[in-house]
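K.L.:
Below: sequence and its predicted model.
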Amino acid sequence: MIVRSEGMKIPWMNLINCIVLVVFCYSIEVCNGQDYGGGDEAVKAAPPPAQENCDGVFVTYAFDNREREYPFVKNVTAQAWAFTSMLTVINTGLFELKSWKVQIGFQHNEVLISTEGAVAMGGDGFPVKTGKNGTVLAGFPQSDLKTAIETAGDFTQMAAQVKIKGTQFGVPAKATPMPKSINLINDGYKCPAPKKFKTFMQMCCKKDPKFKPKNTSIKFMERQNGDLSFTYDVLSAFENKYQAQVTIDNISPLGRLDRWNLTWEWMRNEFIYSMKGAYTHKKDPSECIYGPQGQYYKDFDFSVVMNCQKKPVISDLPPEMENNDKLGKLPFCCKNGALLPTTMNGTKARSIFQMEVFKLPPDMNRTALYPPQNWNIVGRVNPSYKCGPPIRVDPTGFPDPNKIGITLNAVASWQITCNITRPQPKQAKCCVSFSAFYTDSVVPCNTCACGCEQPSKCDGNGKALPLPAQALLVPFQDREKLAKEWNRIKHLGSMPKKLPCPDNCGVSINWHLESNYKTGWTARMTLFNWGNDAFVDWFTAVQMKKNIGDGYENVYSFNGTKLPQRSNTIFMQGLKGLTYLVGQVNGTNPNKDPKVPGKQQSVISFLKKNTPNANIEGGDGFPSKVIFNGEECALPPNIPKSHAAFKSQVGLLPAVLLALLTFLLLTEQFH
């Protein structure tokens with residue numbers, strides 16, 4: 001018997017809902033697939049469709065953030081911003097990508113401060129000014145990207161992520177500063193224009209089916225061609241150190257280095273224990289003692305260490321050290337830093353030195369070998385070189401010293417290729433002036449062609465003033481009076497209140513058009529050395545316009561020849577006994593006479609048989625490029641003006657006036 005209280009009501013609907021909910025919960029099954037780990041790990045996000053569909057190399061650039069930097073200014077173009085971004089390179093194809101390189105078209109005057117996972121090509125190290133064409137980043141330490149097939153999809157081996165940190169200018173506060181473009185510049189790949197979004201851009205680069213590698217049998221990358229080449233060979237390897245040899249080859253027929261200074265950057269705290277065939281400019285053991293080197297090698301005697309700098313400066317030894325048992329006795333060493341072109345001396349186109357390098361953790365095994373980065377080399381009145389990153393190449397083979405016939409290979413080899421760059425305006429090391437038989441004035445070197453020393457006292461952007469021929473033998477600081485007097489005598493117009501600055505070049509060259517006749521023409525070339533030191537084994541090269549070089553006949557006081565690989569270029573050097581271009585010396589009376597430059601000159605003759613249409617006085621008789629000791633010299637913007645056209649017009653004027661007067665008289669007579 002159930003007694004039911006009238007004041008109590010059971011909520012049947014709520015009870016039914018609870019029962020249904022419990023039954024539904026028991027019916028739910030959680031599926032973990034084959035995840036036997038219990039399902040605690042987060043599920044990886046799927047890659048974007050563009051990456052999934054890429055059969056090649058997938059490259060992305062993603063902008064992260066930026067903050068305004070000091071000083072705070074109102075001018076938007078002058079305000080600096082600190083920014084961070086991420087470059088990602090993923091090998092999604094079937095072929096291993098060796099020594100990857102990506103060009104980023106920065107367009108906001110960026111200055112790169114650091115790049116984790118890559119180095120900037122150029123050899124200067126950070127900070128890096130990107131310039132108008134952006135910059136190229138090369139992978140380091142992971143320079144090669146393997147495929148997913150050979151790594152079972154290991155992202156750490158098939159992809160590289162580069163964290164970029166830098167400063168940029170001229171970006172409004174609400175804008176998103178993105179580069180113009182990105183591009184994979186490895187040989188054998190073709191890239192479309194990147195797809196751009198607000199904060200990132202991406203592209204898929206694929207193998208070029210028409211590209212055929214020159215050598216398919218090599219294990220690593222093939223050796224590159226350039227104007228200058230370094231080879232970094234590891235000759236022997238141990239757990240904590242290795243023996244390395246550096247070979248410098250001058251490949252360009254017009255490249256040259258004198259008293260070279262080589263620099264690079266150690267990226268993993270290495271230091272140079274000893275060296276043969278070269279030396280470092282600084283020996284300071286404190287940099288090792290107070291650095292990570294001293295913390296690891298606690299009982300090491302760093303007083304005998306050659307160099308502990310992160311960026312050492314290395315130079316060649318003088319010839320007298322060539323047979324030194326401790327420092328010399330290496331082939332191609334000890335030439336006082338001279339690297340001549342093969343067109344002059346093939347045996348002096350190579351330089352070699354060796355060194356013993358100590359390593360630090362985590363590289364304490366035989367196979368952990370990393371070459372230094374950011375290679376750069378400079379010399380005295382030599383071309384400027386831009387060097388790429390080290391690329392792994394097949395080990396260099398060396399002849400067996402026992403002459404049995406066995407080839408000895410290096411443990412590992414890297415190549416660094418450098419190319420000559422044109423000097424920037426006002427940064428040349430030599431300059432050229434033009435003169436001709438048909439005018440008295442010399443078109444001098446450009447204002448500040450080799451830089452401005454005191455621009456406050458003169459006009460660094462002013463046009464150089466015409467000069468008399470004798471002014472070429474007078475130092476820059478003494479030409480002002482000659483320029484003013486010449487301007488007065490020749491009635492060349494009003495003089496500027498602030499005179500233009502001198503060219504400030506240590507070497508100047510005058511090209512004088514000496515004669516022009518029916519069957520040929522001649523020019524006279526004069527070299528001036530305004531420095532105190534002589535140039536040993538000097539050379540100069542002249543590149544003519546159009547096909548004018550085909551008419552080259554002879555050089556009379558120099559040893560001259562036309563380069564076979566550059567048919568329009570004439571290569572000249574001193575005759576035997578005249579290979580020294582001496583420095584400047586005191587005048588006859590040092591108390592009142594200016595110093596006199598060292599000089600040499602020669603006449604060069606050309607025939608018109610092969611160049612009948614050449615306009616010699618109109619510009620074809622003047623070179624388009626002049627090189628001294630490998631350095632491209634600054635050319636004046638104008639050539640000497642010919643008065644032939646003016647004279648023909650003046651000569652025609654009396655005849656026109658006579659005809660007009662005759663016509664008027666006849667007309668008057670008929671009236």
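P.N.:
Structure's in. What do you need? A quick note: this is a predicted structure, and the numbers were derived from the prediction, not measured.

K.L.:
Just the strands from the stretch 451-600 of the chain, written as ranges.
P.N.:
In order along the chain, the stretch 451-600 of the chain carries the following strands (DSSP state E, counting those that start in this stretch): 507-516, 520-529, 535-536, 539-543, 552-555, 559-562, 569-573, 580-581, 598-607.

K.L.:
what residues does the fifth one touch?
P.N.:
The set of residues external to strand 552-555 that reach it, using C-beta atoms under 8 Å, 6 or more residues apart in numbering, is 520, 544, 560, 562, 570, 572, 602-607. C-beta coordinates here come from the backbone N, C-alpha and C atoms, glycine included.

K.L.:
Got phi/psi on residue 286?
P.N.:
Backbone torsions for residue 286, taken as degrees, to the nearest 10, come to phi -60, psi -30.

K.L.:
What residues does it make contact with?
P.N.:
Residue 286 touches residue 308, counting by C-beta under 8 Å, 6+ apart.

K.L.:
what about it, distance to residue 357?
P.N.:
19 Å (C-beta to C-beta, to the nearest Å).

K.L.:
neighbours around the closest residue to residue 142 other than its chain neighbours, how many?
P.N.:
Nearest residue to residue 142, sequence neighbours excluded (C-beta to C-beta, 6 or more residues apart in numbering): residue 160, at 5.2 Å. Other residues near residue 160 come to 24 when the count uses other C-beta atoms under 10 Å.

K.L.:
Residue 157 should be in a helix, yeah?
P.N.:
Yes. Judged by DSSP: H, G, I helix; E, B strand; the rest coil, residue 157 forms part of a helix.

K.L.:
Check what pLDDT it gets.
P.N.:
For residue 157, the pLDDT comes out at 94.

K.L.:
Same check on the one 3 residues further on?
P.N.:
In this prediction, residue 160 carries a pLDDT score of 95.

K.L.:
ok now do residue 602, which residues does it touch?
P.N.:
Each residue near residue 602 by C-beta under 8 Å, 6+ apart is listed here: 524-525, 555-558, 560, 572.

K.L.:
swap in residue 607?
P.N.:
Counted by C-beta under 8 Å, 6+ apart, residue 607 has contacts 519-520, 551, 553.

K.L.:
Type out the ChimeraX command that picks the buried ones from those.
P.N.:
Buried residues among the contacts of residue 607 (16 or more other C-beta atoms under 10 Å), as a ChimeraX selection:
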select :520,551
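
K.L.:
between the contacts of residue 607, which is nearest residue 374?
P.N.:
Using C-beta to C-beta, residue 551 comes nearest to residue 374 of the contacts of residue 607, at 45.6 Å.

K.L.:
Contacts only, for the closest one.
P.N.:
By C-beta under 8 Å, 6+ apart, the contact set of residue 551 is 520, 606-611, 614.

K.L.:
Who wins on neighbours among those?
P.N.:
That'd be residue 606 among the contacts of residue 551, by other C-beta under 10 Å, with 25 neighbours.

K.L.:
Look up the closest residue to that one, ignoring the ones flanking it.
P.N.:
That would be residue 551: by C-beta to C-beta, 6+ apart, it lies 4.2 Å from residue 606.

K.L.:
Kindly report the same for residue 294.
P.N.:
Closest residue to residue 294 apart from its sequence neighbours, by C-beta to C-beta, 6+ apart: residue 288 at 5.5 Å.

K.L.:
what's the one you found in contact with, if anything?
P.N.:
The neighbours of residue 288, taking C-beta under 8 Å, 6+ apart as the test, are 271, 294, 297, 300, 302, 305, 308.

K.L.:
6 Å - rerun?
P.N.:
Applying C-beta atoms under 6 Å, 6 or more residues apart in numbering, one finds that residue 288 lies in contact with 271, 294, 302, 308.

K.L.:
again, but for residue 185
P.N.:
Contacts of residue 185 (C-beta under 6 Å, 6+ apart): 101, 103.

K.L.:
switch the cut-off to 8 Å
P.N.:
Counting by C-beta under 8 Å, 6+ apart, residue 185 has contacts 101-103, 136.

K.L.:
Please tell me how far it sits from residue 576.
P.N.:
From residue 185 to residue 576 the distance is 46 Å (C-beta to C-beta).

K.L.:
Could you do residue 490 as well?
P.N.:
Relative to residue 576, and taking C-beta to C-beta, residue 490 is found at 42 Å.

K.L.:
and what of residue 633?
P.N.:
Distance, residue 633 to residue 576, by C-beta to C-beta: 25 Å.

K.L.:
Compare these two and say which is more crowded by neighbours.
P.N.:
residue 633 (25 against 6).

K.L.:
any idea whether the residue nearest to residue 143 when sequence neighbours are not counted is helix, strand or coil?
P.N.:
Nearest in space to residue 143, with sequence neighbours left out and distances taken as C-beta to C-beta, 6+ apart, is residue 99 at 4.9 Å. Using three-state DSSP, the structure places residue 99 in coil.

K.L.:
do the same with the one 4 residues further on
P.N.:
Of the three states, residue 103 takes strand under three-state DSSP.

K.L.:
tally of neighbours for it?
P.N.:
Residue 103 - counted by other C-beta under 10 Å - has 18 other residues nearby.

K.L.:
what does residue 613 give?
P.N.:
Neighbour tally, residue 613, other C-beta under 10 Å: 8.

K.L.:
Now it: which helix or strand?
P.N.:
Under the assignment given by DSSP states H and E, residue 613 is not contained in any helix or strand.

K.L.:
On the pLDDT front, check it for me.
P.N.:
Here the pLDDT value assigned to residue 613 is 86.

K.L.:
so how far is residue 548 from it?
P.N.:
In terms of C-beta to C-beta, residue 613 sits 11 Å off from residue 548.

K.L.:
Tell me the spatial nearest neighbour of residue 159, not counting adjacent residues.
P.N.:
residue 90 (4.2 Å).
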